[in-house]
Structures are given as C-alpha cells and as structure tokens.
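Participant: My questions are about this predicted structure, shown below with the sequence.
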Amino acid sequence: MTGGLESATVGIQNREKTDGLTVVYDAPYVHDSLAVVIPEPKPTWLFANPTDFEIPAGGSANLNVVLTSVGVPDGDHTGAIGITTDDPEHRFVTLPVALHVGTAEAAFALDPEHRSPAVPSGWVAGRLSGLDPCAPAAIRPASILAMDVVGLAPGSTVGLLDCGALDFRRMEMLANVPEGAASEIDVVGEVANETWFRALGTLWMQRPRLTRPAGRYAAGTSVALSWTDASGSPASRYDLWFSPDSGATWSPVASGLTLHAFAWTVPATFTNQGFLELLAHATSNGAFVGTTFSGPFGIDAPATAAPGSRRADGLRRAARGAPAGTRDRHARAGGAGARAGGDHAPRRARRHRAAPGSSHVRARTSPRELGRQRRDRIGGGARDLLRADEDDDGVLHGPDRARAVARTGR
C-alpha cells in the first residue's frame, strides 16, 4: 500500500450509495497485509448459551438454544450457530437454524343453516381447507378461537372432514359476525407441534329487525311479532326458531313465512332464558341473507282459577274443546231432575171406590202421572251420574250422559 497511512476511511456500501457500513473514518488504521472481516449480522431472534465451555475427552455438554419472534417480521428466517473447537479435525462446526414467524394460511367456510340431527341444534358448523399440514386430528380443540372471542362448542371435537370440521355455539358465533354484504370471519388455532394457523372466510350477514312486545309471556297466549328487512336486502321468506335455554337448543316455530308479521303461540316451556331467531332468505335464489336473535325473555304458566269456580270450569271446558258454561247448564238441568225425583217425591193417584162385593180398593195411575214418574226416574239417574262420573281432574261428564238418557228415555 502506498501513500500516507496516517488517515484512512474504510467501509462498504451498496451501488446506490444508500446503505453502507463504516469500518474506520479518517484514522491511522490500515497497514500492509491488513484483512478486514465483516461478519453477517447476528440474528436478533437467536441466542445460545453458554458461549464458552470445555468438554473432557469422551464427554458431552448441553447447549441451550433460544428462539424468539418478538420484533421479528412475519416470514421465514434462517441463521446458524457456529462452534469453534481445538479439535484439529473439526475446527469449526456450523448448526443451521430456521424460524418461521406468522401463521399458516387456510380457508374457512361457515354454514349458517347447518342443523344436522347428528349434532345439537344449538351448534353451527364450519370447515377448514387449504391448511398445510392438513392434519385435523392434530389440531388442538382448546386452541380454536373465532372472531377473537368464540371457542368451540362445549363437548365438541375437531371433525376429520377436509382439514378440520369445527362446531360452534350457534347464537354466540352468528351474533359476533359483523353485519355486511361480505363479512370477514377469521379462525385461529394450532396444529400441535407444527404451526399455528389463521383461516379466513366471508359470510353475507344482513340482519332483519325483529320486534316483539316487552315483558314476560304467559304460556298459551298469542304474541304479535313483526320485522323489517335490512336496508337494501329484501328477503322473500323467513324461518322462525325458539330456544328455551339461551341458545343451547332450538326448535322450529314456522318456516317459509312470506309476510313481515306472525302470531306466535307461546309454548308451555317455563323459562327465564327464552330466545327467538329469525332467519332471512334471498328473493332471487333463496340463499341465506342474515339472522337475528331476540331475548332473553321469560315464559310463565297460564292464569289459573280456584277449583270448582265457573272460571276454572270454563278453562277445563276450553281445554276439552267445549264452550265455557256448558257444565253449568247441564248441572242445573241434572240437579233439577234430581230434586224432582227421589224416594220422597209425592206420587198422586186417583182412588176409586171398590166395586160392590169386592174385598179391596184398587188404585189407578193416570197416563200423565206415569210420565211424570218416568221423568223422576230419569232425573234420579242423572243425579247418580253427576255424582259418579266426576273425574280426578274435576271435569264432569255426567251431564252429557244424563241428556242422552233424557232423550231416549232409557
């Protein structure tokens, strides 16, 4: 090397002169046969310890290697651990290390109308596809999380269809899907000992607006429901479902509704956790448009009356399909007959003088009297039927039979 050696600037830079590395700047640094080694930057995600140790002949030692993804951009990263020894045959040993940061990409499809008898009606199903590795049996169920908040349905497992069949609680999952024409659904999980994954899918979710009266409902009453469509998304038909247990199970109420109103008869399922679900389907092809949930609400037992009262009798008659008050009319008719009959009813008879020479007096009964006596016997029978034919539930069947007896005279 020629020239002055008291000052030198040494370094490297790229062709565009936008990135460089300075070794020395304006200093007495260089000399003959100088070699400058610029090693690769040490990975910020790779650490090994201890960094200095001795191994006796025939012995071994453990080297702890730590990898971290903190502050490391997504993607694949490579590095190496170099070991320098005094072994003349292995002066330098290199151990390659690879790190993947991020998640494996996959696709997810949710079926909002899935109500297969094979799973509880309170579940909604979806499937993973395009996952590498496609190993549904290796997916940890506890790692699955949809929309950042929804885990798998309690008691469900990862099915083996496609790259994994996943079941979620219906109301919890669909209520968390954002409203929109192509709402994004994301599901994350872990393939054990392999990788984490993120699966993306979309779902049309334009919710109808369901209106119902506030408060608790009595079983057997009629509740007026009405609804409107989401703006710009008219639907052609609707399905209505009911859940008595906060969405754990569902039962159909009506399907194929074409109007925007429905009179719902409240079931005799007493609960404080009732919900209704209204599903809307498209005008053009009947595809799923959106769904909405309404609740919770309570259902109480129907109003009751004191046993034996006319109101209680009317409720029982209504349950049998007979008009209220029928029992009262029949009971009054039967009672009148019972009072007219009986062993102490007066019996009038015309007595005739005995014919000359006869030894006894013969009593004759007029046809009118015979008819009255027969009516008395019918009345007594009705009284007995009224007493004998009262069921355990308090519904009297005797009056109906008494009327039949009165008609036939038998």
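Facilitator: Cool, the structure landed.
Participant: Give me the below-cutoff pLDDT ranges for the stretch 101-250 of the chain.
Facilitator: 116-119 (pLDDT under 70).
Participant: One more pass at 90, please.
Facilitator: 101-104, 113-121, 132-133, 155, 160-161, 180-182, 193-196, 230-236 (pLDDT under 90).
Participant: Can you show me the helices along it?
Facilitator: For the stretch 101-250 of the chain, applying DSSP state H, counting those that start in this stretch gives helices covering 170-175.
Participant: any idea where the strands of it begin and end?
Facilitator: In the stretch 101-250 of the chain, the segments counted as strands under DSSP state E, counting those that start in this stretch are 104-111, 123-129, 145-146, 165-169, 180-191, 195-205, 209-211, 217-218, 222-228, 235-243.
Participant: For the first one, buried residues please.
Facilitator: The one in question is strand 104-111. Neighbour counts over strand 104-111 (16 or more other C-beta atoms under 10 Å) mark 104, 106, 108, 110 as buried. The C-beta positions use only the backbone N, C-alpha and C, and glycine is treated the same way.
Participant: With the fifth one instead?
Facilitator: Neighbour-count burial for strand 180-191, counted by 16+ other C-beta under 10 Å, picks out 183, 185, 187, 188, 189, 190, 191.
Participant: quick one: it to strand 104-111, angle?
Facilitator: 130 degrees (axes from the mean of the first three to the mean of the last three C-alpha atoms, to 10 degrees).
Participant: Quote the end-to-end distance of stretch 141-153.
Facilitator: 10 Å (C-alpha to C-alpha, to the nearest Å).
Participant: list the contacts for residue 257?
Facilitator: Residue 257 makes contact with 237, 238, 239, 240, according to C-beta atoms under 8 Å, 6 or more residues apart in numbering.
Participant: mind giving me TSV with these and columns for neighbour count and distance to residue 9?
Facilitator: Shown next, in TSV, are the contacts of residue 257 (neighbours: other C-beta atoms under 10 Å; distance: C-beta to C-beta, whole Å):
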residue	neighbour count	distance to residue 9
237	16	81
238	23	79
239	17	79
240	18	82
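Participant: now, which of the residues you listed sits nearest residue 267?
Facilitator: Comparing the contacts of residue 257 against residue 267 with C-beta to C-beta places residue 240 closest, at 12.5 Å.
Participant: which residues does the closest one bridge with?
Facilitator: For residue 240, the beta-bridge partners under DSSP bridges are residue 254, residue 278.
Participant: Output the contacts of residue 257 in TSV; the columns should cover distance to residue 217.
Facilitator: Output for those, formatted as TSV (distance: C-beta to C-beta, whole Å):
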residue	distance to residue 217
237	25
238	20
239	20
240	15
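Participant: now, among those residues, which is nearest to residue 271?
Facilitator: residue 240 (17.1 Å).
Participant: Surely the closest one touches residue 254?
Facilitator: Yes - between residue 240 and residue 254 there is a contact under C-beta atoms under 8 Å: 4.8 Å.
Participant: Give me the common contacts of those two.
Facilitator: residue 262.
Participant: related to what we said a few turns ago, who wins for proximity to residue 53 among the strands of the stretch 101-250 of the chain?
Facilitator: Per C-beta to C-beta, nearest to residue 53 of those: strand 195-205, 32.8 Å.
Participant: contact partners of the closest one?
Facilitator: Residues contacting strand 195-205 (C-beta under 8 Å, 6+ apart): 100, 103-110, 112, 126, 128, 131, 133, 143, 174, 177-191, 287-291.
Participant: repeat that for 7 Å
Facilitator: The contact list for strand 195-205, computed with C-beta atoms under 7 Å, 6 or more residues apart in numbering, reads 103-110, 112, 128, 131, 177-191, 288-290.
Participant: Could I get the buried residues of strand 104-111 in CSV, plus columns for distance to residue 258?
Facilitator: What follows is the buried residues of strand 104-111, written out as CSV (distance: C-beta to C-beta, whole Å):
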residue, distance to residue 258
104, 45
106, 39
108, 33
110, 26
